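> Quick one, fold the following:
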Amino acid sequence: MPTVAEQFIEVLRRAGVRRIYGVVGDSLNPVVDAVRRTGGIDWVHVRNEEAGAFAAAAEAQTTGRLAVCAGSCGPGNTHLVQGLYDAHRSGAPVLALASQIPSTQIGTSYFQETHPERLFVDCSHYCEAIGTPEQMPRILRTAIQHAIGLGGVSVLTLAGDVAACDAVNPTGEHDFLVDRGIVRPPADQIDQLARALNHADKVMLFCGAGTRHARSEVMALAYKTLAPVGHALRGKEWIQFANPFDVGMSGLLGYGACYDAMQEADLVLLLGTDFPYDDFLPLQNTIQIDHNPSHLGRRTPLDLAVHGDVGETLRLVLDRVEQKRDRTYLEAMLRQHTRALENVVSAYTRDIEKHTPIHPEYVASVLDDLAADDAIFTVDTGMCNVWAARYITPNGRRRVMGSFVHGSMANALPHAIGAQYGAPGRQVISMSGDGGLAMLLGELLTVRLHRIPVKTIVFNNASLGMVRLEMMVDGFPAYETDHEPADFAAIAAAAGIESARVERPGDVRPAIERALALPGPYLLDVVTDPNALSLPPHITPKQIKGFALSAGKTVLTGGVGKMLDLARSNLRNIPRP
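Below is the predicted model of the structure:
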């Protein structure tokens, strides 16, 4: 009879799991040894369990399948929490094994005692303890189904002595539900939606990650209603490319005419988005469509809440939507969008060959030019989010991942590790800030140990740029946001990773070309301008006052890469019914 640990690993293997990210040790030993003796599943040794959870989150988002991380008792599994919050809020199907002290010692304040079944409740759909062998394999299968069925995290606590016990129940066979059904909205909601669309003169569509499989339906509705189409950050990669109705992005990282188009519309459709910043929403004349009913109306008052899959809902309503003829609103928004980009695009093109420290916008623009058409970009929270949002051009094949909902620092490199395991044949690029990279710097050793061919581009401005900007907006002088410059290329070289450091803008393109062309891992350390900050498309009088109180910094509204060319093309070819 197998042990509980062996049964645990066998169930994971049959569920399609190919690796577990974690740090080995003490209460995990029976599980780690079961991995060693089971074919088809490996242990990926990371330097911090937090990084293991981030890696699992990115692998799950890359493959769409369950990914697994683990931590030993006490400090081992508490390190997981940051990455699990990120995975859960991103909807990534991740199972975390939180190993536990000996079962007979629970409740005695034993060495390293914690209560994972309490700790992880807030960042999981399912969080339970396996206390006896009899609970297996059913409780593990329940945890797996919660993760892949609901999209998010499941956590299981397992004491080392229980893991070493003989299994009681046979493992057997089991089929997991992977493909979820499509939510079809009630007929009366479709009726009301059609009437609202036909009644409104100026319709605007605002798209989130929920439009991933509904691009053609969104474009068809935009054509029928002559609606400007904007997007949230998580909707950008699915909806912006080759979009003749594009008016940019809203939010703190936004650009273009998206905000104004939303404010001037008679009717705004929120499509598959849980956009959190209500300051950027019109707070009236709004309909929301989402497959998750808990998202409906929690950001803004709604004229109509539609519970349904975005693609299915639009397919049902399209034949009932009348073709609009008046293009005045759409033309005005496209012109405004083009002007907005023309006014700021010179921020990264002017004197780039002479400006030092290097414009980070320029680095991102060159990276966009040279990266593969199906590259996966992982992006650190902070100013790297801005540069990725404004310069990485989506095309339907590229992916851009980050801690876009949880907003944790230090995610880019561990995300890149998981993405590379999930897509071994694709180019994976970590857009790392120096602050984020430094926080989990040990994962460079993980990259080296496993020879993971991740390309790490460090935007090294010796500053916490986003924090600096936040202070300026609030009217505070920047304080403790700058730090001693570090040579990350030298650190990477010491770790055994090929690397280079760039301090002159003329060297940027050849350095990135070399980094992307060479096999194996590579780190490119680019010294960038800490004064290159970015304004959102809408700022309040209070924020303007805050900037006025913060002296001595150059605030750029930021260029947006090739999007100016797209905007000009859209303006020349305004869709005609």
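> roughly how far apart are the residue nearest to residue 29 when sequence neighbours are not counted and residue 148?
Using Cβ to Cβ, 6 or more residues apart in numbering and skipping residues adjacent in sequence, the residue nearest residue 29 is residue 160, 6.6 Å away. All C-beta atoms are positioned from the backbone trio N, CA, C, and that covers glycine. Relative to residue 148, residue 160 is positioned 27 Å away (Cβ to Cβ, to the nearest Å).
> So for those two, which sits in the more crowded spot?
Legend: neighbour count by other Cβ atoms under 10 Å for residue 160 and residue 148, higher for residue 148 (24 against 21).
> which residue packs closest to that one, ignoring adjacent ones?
Per Cβ to Cβ, 6+ apart, closest to residue 148 is residue 93, 4.4 Å.
> how far away is the one you found from residue 152?
With Cβ to Cβ as the criterion, residue 93 and residue 152 are 7 Å apart.
> coming back round to it: list the contacts of the residue nearest to residue 29.
Residues in contact with residue 160 (Cβ atoms under 8 Å, 6 or more residues apart in numbering) are 26, 27, 28, 29, 30, 73, 99, 100, 101, 102.
> Tell me the buried residues within those residues.
Among these, those classed as buried by 16 or more other Cβ atoms under 10 Å are 27, 28, 29, 30, 73, 99, 100, 101, 102.
> where does residue 519 land in three-state SS?
Under DSSP: H, G, I helix; E, B strand; the rest coil, the three-state class of residue 519 is coil.
> tally of neighbours for it?
The number of residues near residue 519, taken as other Cβ under 10 Å, comes to 8.
> For it, what are phi and psi?
phi -70, psi 160 (degrees, to the nearest 10).
> Next: residue 393.
Torsion angles, degrees, to the nearest 10, at residue 393: phi -90, psi 120.
> What is the burial count for it?
Neighbours of residue 393 under the rule other Cβ under 10 Å: 21.
> again, but for residue 104
Residues near residue 104, counting by other Cβ under 10 Å, number 10.
> Three-state assignment for the residue nearest to it when sequence neighbours are not counted, please.
Leaving aside its sequence neighbours, residue 104 sits nearest to residue 161 (Cβ to Cβ, 6+ apart; 7.4 Å). Under three-state DSSP, residue 161 falls in the helix class.
> contacting residues around residue 526?
By Cβ under 8 Å, 6+ apart, the neighbours of residue 526 are 358, 360, 363, 457, 458, 459, 460, 501, 502, 508, 511.
> Sort out which of the residues you listed are in helices and list them.
Mapping the contacts of residue 526 onto helices (DSSP state H) picks out 360, 363, 508, 511.
> Now do stretch 340-358, average pLDDT.
Here stretch 340-358 scores 67 as its mean pLDDT.
> Where in the protein is the helix or strand with the lowest mean pLDDT?
strand 555-556 (a mean of 36; mean pLDDT, DSSP states H and E).
> rewinding a little: turn the contacts of residue 160 into TSV, columns for secondary structure, pLDDT and distance to residue 248.
Converted to TSV, the contacts of residue 160 look like this (DSSP: H, G, I helix; E, B strand; the rest coil; pLDDT from 0 to 100; distance: Cβ to Cβ, whole Å):
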residue	secondary structure	pLDDT	distance to residue 248
26	helix	88	52
27	helix	93	50
28	helix	96	47
29	helix	96	53
30	helix	97	53
73	coil	95	49
99	strand	97	47
100	strand	96	49
101	coil	95	53
102	coil	94	57
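> I'd assumed residue 168 was in contact with residue 134.
Yes - Residue 134 is in contact with residue 168 according to Cβ atoms under 8 Å; the separation is 5.0 Å.
> In contact with the most centrally placed residue in the chain, which residues?
The centroid of the chain falls nearest to residue 402 when counting by Cα atoms, centre = their mean (3.2 Å). Contact analysis of residue 402 by Cβ under 8 Å, 6+ apart lists 378, 379, 380, 381, 384, 385, 388, 411, 412, 415.
> Most neighbours out of these, which is it?
Result: residue 412 is most packed of the contacts of residue 402 (other Cβ under 10 Å), 35 neighbours.
> Looks like that residue contacts residue 436 (just checking).
Yes - contact criterion Cβ under 8 Å: residue 412 and residue 436 qualify, at 5.9 Å.
> Show me which of residue 93 and residue 152 is the more surrounded one.
residue 93 (30 against 22).
> can you give me phi and psi for that one?
Torsion angles, degrees, to the nearest 10, at residue 93: phi -70, psi 100.
> can you pull the contacts of it?
Here residue 93 is in contact with 60, 64, 65, 66, 67, 147, 148, 151, 152 (Cβ under 8 Å, 6+ apart).
> Out of these, which sit inside helices?
Checked against DSSP H, those include these in helices: 60, 147, 148.
> contacting residues for the second one?
Read that as residue 147. So residue 147 contacts 66, 93, 94, 95, 125, 126, 153, 154 (Cβ under 8 Å, 6+ apart).
> What of the first one?
Residues near residue 60 by Cβ under 8 Å, 6+ apart: 66, 67, 87, 92, 93, 94, 418, 422.
> List the buried residues for whichever strand or helix holds the third one?
Spelled out, it's residue 87. In the assignment (DSSP states H and E), residue 87 maps to helix 81-90. Within helix 81-90, the residues scored as buried using 16+ other Cβ under 10 Å are 81, 82, 83, 84, 85, 86, 87, 88, 89, 90.
> May I have the phi/psi pair for the residue nearest to residue 295 when sequence neighbours are not counted?
Distances taken as Cβ to Cβ, 6+ apart place residue 274 nearest to residue 295, at 4.7 Å, with adjacent residues excluded. Note on residue 274: its backbone torsions stand at phi -110, psi 40 [degrees, to the nearest 10].
> wait, residue 274 sits on residue 208?
Yes - assessed by Cβ under 8 Å, residue 274 is found in contact with residue 208 at 6.7 Å.
> Give me the more crowded residue out of the two.
residue 208 (23 against 20).
> isn't that one right up against residue 276?
No - assessed by Cβ under 8 Å, residue 208 is found out of contact with residue 276, at 10.6 Å.
> circling back to that earlier point, for the buried residues of helix 81-90, please prepare a markdown table with the additional fields pLDDT and distance to residue 247.
Shown next, in a markdown table, are the buried residues of helix 81-90 (pLDDT from 0 to 100; distance: Cβ to Cβ, whole Å):
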| residue | pLDDT | distance to residue 247 |
| --- | --- | --- |
| 81 | 97 | 38 |
| 82 | 97 | 35 |
| 83 | 98 | 35 |
| 84 | 98 | 36 |
| 85 | 98 | 32 |
| 86 | 97 | 30 |
| 87 | 98 | 32 |
| 88 | 98 | 32 |
| 89 | 96 | 27 |
| 90 | 96 | 26 |
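> Thank you kindly, that will do.
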